[in-house]
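model the following, please.
(chains A and B)
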Amino acid sequence: MKNANLIAMSFLSVALAAGMSGCKHRPPNTIPIPDSGRPGSNSAQTPGPGANDANPNPGGITSESIPLDNTAYADILNGPHNADAEKFKADTIYFDFDSSTIKASEESKLQEVANYFKGNTKHEALIMEGNCDERGTEKYNLSLGERRALAAREYLANLGVDPQRLKTITYGAAHPVDTARDESAWKKNRRDDFVLITPK
Amino acid sequence: MKMTNKLFLIAILLGAGAVSGNADEPPIEIHKPTAYVVPIAISDFQGEVDSVLKFDLSVLGMEITSPDKAAFLIGGSQNGRLEGRLTAAGATQPLWARAYAGGVARTQAHAFANDIVKEIRGTVPIFQGRIAFRQQEGNSTEIAVSDFDGYNAKVLTRDGTLVAGPSWIPGGRELLYTSWQGGGEEILVHNMSTGKRRVFANYPGANLSPEVSPDGQKAAMILSRGGSPNLWVCNLDGSGLKQLTSTRDEDSCPTWSPDGQEICFVCRSGRAELQKVGANGGRARALRVAGVYGNMTSPDWSPDGKWIAFASGSRTFTICVVPAEGGDAQILVAGEDPCWAPNSRTLIFGRQVGNKRMLCLLDVPTKHVKDITQIPGSCSEPSWAR
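Have a look, this model is predicted:
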């Protein structure tokens, strides 16, 4: 049975092949090439206006994580504001390779940030920017950077800062402070920067 | 008489005879050799047609050699339209001869190469495929698209900021990607016919790694709005948002099973490993991956459902493939961000070369690697339109 099928199939394909090639006077079968409608072949350059149409309520989270509030970073930045990256320049915290654990050496910096930010409610938000060194894949580094930003956020929340004022963003490995390719550069790049947002 | 000879010839040349399947299945044709490098000889063509044929066929694990060493001879003529013949070594008549008209010489040559591969490898055509990827432009990154071999490239965005993770919506008309152009991260839908973009997701925190289900109905993505980077899904219109994982672990890189029932993703608590979860929820379970000890990242489920490709490592990464049900991993070549072509055989991936990243094509069974040198600059995170 199987063999019969096999032979039938083979015969058919050979017959087709013979039909196309065996008789020299017959024109070869012509396959038209579609030249339009390929993905991306007709793309325009101008991006359209963005629309914020997806922002429902935060879901009921059951983990120990501290949920973020309902305001996206972009929404804050769309309003009139000052973004101050200098205020906590000296308080940038650093991480070990492939780690998002807050090191003991960095805790005093976070304490300093918390003390100031808790007492100055005119500042709308504090952005924690998570960064990685260049090693690792880009997707991996984006998640690691977010984890680093979230680690600082949780630490600050545990020091009594209102978590709703604490925002996170990851840049993965895209914002190195030192582009050299050695450990002395990499250790400067594995960091959280703090940016203070104040409404105008 | 002639036909009998031909049948015999094909059976011999194609490595023959083995039949699989049972009465319920459609009859299976002669098994094609898969894991072997096939020596082929290309003659009669010049310029672009010649180089396209050589590039395409080596992508599928064929080696260009002289006619006396080749198992298949490829010949024909080019004169506005392309006429191509495929002949088995030693045969007096070609297996077939076909003509390709319309389009340009490149597309005709790709179509001829598709037919050759279908005959020799038995796999679906990929040489007219499109890819999206991330391209470094000075200090910023932009989304670009091109043919699978890097030709006809076009940079889609001009935001001068960061982008990540382009992913096609099935059908190839729209792309999803993360953009930092609004200051924070947001996932945008980019319609390539109109050039219009709309915000798909801009939740507080991370909005990363969008992946549309094979039926085009849903998207999986990584959001940190719950306080940890977790896996979420929603409908393609943004409605029906649902959280699939809620641990404090670091989740990343979702990929759908072809039937849309499951999502494989990376979960990191200590070591990063592959897990699977039902697309409608349920408990996530680790995928058993034997023989790999580093972190695992960037899984991509093959369109035939059989394999999951991923990258493993920590400082540098290696492309690996594991059966979708778990098992022993095949460790292939240095690289990251693997993505399957529609044939479930070819992987496109990125690798670090000096200070830049380049895209490469890997024929998984033969481990043949072909660099895509056509695109200048640094490219990464390739996604094949399927």
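
let me see the contact set for residue A:154.
A:65, A:66, B:227 (Cβ atoms under 8 Å, 6 or more residues apart in numbering or on different chains). In this view, the C-beta of every residue, glycine as well, is placed from N, C-alpha and C.

just give the nearest non-adjacent residue to the last one, would you?
Leaving aside its sequence neighbours, residue B:227 sits nearest to residue A:65 (Cβ to Cβ, 6 or more residues apart in numbering or on different chains; 2.8 Å).

where do the strands sit along chain A?
A:29-32, A:81-84, A:93-94, A:125-130, A:166-170, A:191-199 (DSSP state E).

need the contact partners of the shortest one.
I take that to be strand A:93-94. A:102, A:103, A:105, A:106, A:109, A:110, A:152, A:187, A:188, A:190, A:191, A:192.

list only those of those flagged as buried.
Buried residues within the contacts of strand A:93-94, defined by neighbour count using 16 or more other Cβ atoms under 10 Å in any protein chain shown: A:102, A:106, A:109, A:110, A:152, A:188, A:190, A:191, A:192.

circling back to that earlier point, can you check the pLDDT for the residue nearest to residue B:227?
We have a pLDDT of 70 for residue A:65.

so it sits against residue B:226, correct?
Yes: the pair residue A:65 and residue B:226 qualifies as a contact (Cβ atoms under 8 Å) at a distance of 5.7 Å.

overlap of the contact sets of these two?
residue B:246.

what about residue B:170, how many residues nearby?
14 (other Cβ atoms under 10 Å in any protein chain shown).

go ahead and confirm it touches residue B:215.
Yes: using Cβ under 8 Å, residue B:170 is in contact with residue B:215, at 7.3 Å.

let me see the ranges of the strands in the stretch 251-386 of chain B.
B:262-269, B:271-278, B:285-286, B:289-290, B:295-301, B:307-313, B:317-323, B:327-328, B:330-334, B:336-340, B:346-353, B:356-363, B:368-371, B:379-384 (DSSP state E, counting those that start in this stretch).

flag the shaky bits of chain A, pLDDT-wise.
For chain A, applying pLDDT under 70 flags the ranges A:1-64, A:69-78.

what about the helices in it?
Taking DSSP state H to define them, one finds helices in chain A at A:2-21, A:73-78, A:107-119, A:138-158, A:183-189.

pull out the buried residues from the longest helix that chain B contains.
As assigned by DSSP H, the longest helix anywhere in chain B is helix B:105-120. By neighbour count on 16+ other Cβ under 10 Å, the buried set for helix B:105-120 is B:105-117, B:119-120.

ok, and which of those residues reach chain A?
B:107, B:108, B:111, B:115 (Cβ under 8 Å from any Cβ of the partner chain).

and of these, the nearest to chain A?
residue B:107 (4.7 Å; Cβ to the nearest Cβ).

was I right about that closest one contacting residue B:113?
No: using Cβ under 8 Å, residue B:107 is not in contact with residue B:113; the gap is 10.6 Å.

check contacts around residue B:357.
Here residue B:357 is in contact with B:136, B:350, B:351, B:378, B:379, B:380 (Cβ under 8 Å, 6+ apart).

what about the closest residue to it other than its chain neighbours, neighbour count?
Of all residues not flanking residue B:357 in the chain, residue B:380 sits nearest, at 4.4 Å (Cβ to Cβ, 6+ apart). Other residues near residue B:380 come to 23 when the count uses other Cβ under 10 Å.

hang on, isn't residue A:150 packed against residue B:226?
No: with contact defined as Cβ under 8 Å, residue A:150 does not reach residue B:226; the gap is 10.3 Å.

please enumerate the shared neighbours of these two.
residue A:65.

gap between residue B:180 and chain A?
Applying Cβ to the nearest Cβ, to the nearest Å, the value for residue B:180 to chain A is 8 Å.

one step back: how many residues are close by the residue nearest to residue B:227?
Residue A:65: 20 neighbours (other Cβ under 10 Å).

interface residues of the stretch 251-386 of chain B facing chain A?
So far as Cβ under 8 Å from any Cβ goes, the stretch 251-386 of chain B lies against chain A at B:251-253, B:266, B:268, B:272, B:295, B:297-298, B:311, B:314-317, B:336-337, B:355, B:380-381, B:385.

now the residues you listed: which count as buried?
The buried subset of these (16+ other Cβ under 10 Å) comprises B:251-253, B:266, B:268, B:272, B:295, B:297-298, B:311, B:314, B:317, B:336-337, B:380-381, B:385.

return the member of the buried residues of helix B:105-120 nearest to chain A.
Nearest to chain A among the buried residues of helix B:105-120, with distances taken as Cβ to the nearest Cβ, is residue B:107, at 4.7 Å.

per-residue confidence at the closest one?
Predicted confidence (pLDDT) for residue B:107: 95.

just residue B:316 next, same as before
Reported pLDDT for residue B:316: 86.

these two touch, right, it and residue B:352?
Yes: taking contacts as Cβ under 8 Å, residue B:316 lies within contact range of residue B:352: 7.4 Å.

count of residues packed around residue B:283?
8.

count of neighbours near the nearest residue to it once chain neighbours are set aside?
Of all residues not flanking residue B:283 in the chain, residue B:277 sits nearest, at 7.3 Å (Cβ to Cβ, 6+ apart). Close neighbours of residue B:277, defined as other Cβ under 10 Å, add up to 22.

mind jotting down where the helices sit in chain B?
Using DSSP H, helices in chain B cover B:2-13, B:47-59, B:105-120.

weakest of the ones you listed by average pLDDT?
helix B:2-13 (a mean of 36).

measure residue B:98 to residue B:119 for me?
Applying Cβ to Cβ, to the nearest Å, the value for residue B:98 to residue B:119 is 11 Å.

by mean pLDDT, flag the weakest helix or strand of chain B.
helix B:2-13 (a mean of 36; mean pLDDT, DSSP states H and E).

quick one, phi psi at residue A:178?
Note on residue A:178: backbone dihedrals following degrees, to the nearest 10 are phi -140, psi 120.

thought it was touching residue A:188?
Yes: with contact taken as Cβ under 8 Å, residue A:178 and residue A:188 are classed as touching, separated by 4.9 Å.

and stretch B:271-285, how far from the chain's centre?
Remark: stretch B:271-285 is offset 23 Å from the chain centroid, using Cα atoms, centre = their mean, to the nearest Å.

so for it, mean pLDDT?
94.

now do stretch B:229-244
Rounded mean pLDDT across stretch B:229-244 is 95.

and for stretch B:288-300?
94.

span of it from start to end?
16 Å (Cα to Cα, to the nearest Å).

what subset of the contacts of residue B:357 is buried?
B:350, B:351, B:378, B:379, B:380.

for stretch B:43-53, C-alpha coordinates in CSV please.
Provided in CSV are the C-alpha atoms of stretch B:43-53 (Å, rounded to 0.1, in the frame of the first residue of the first chain):
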residue,chain,number,x,y,z
SER,B,43,27.0,27.6,-14.5
ASP,B,44,25.7,29.8,-17.3
PHE,B,45,24.7,32.8,-15.0
GLN,B,46,26.5,36.1,-14.4
GLY,B,47,26.4,39.0,-12.1
GLU,B,48,23.5,39.4,-9.8
VAL,B,49,21.7,36.2,-10.8
ASP,B,50,24.9,34.2,-10.2
SER,B,51,25.6,35.8,-6.8
VAL,B,52,21.9,35.5,-5.7
LEU,B,53,21.9,31.8,-6.5
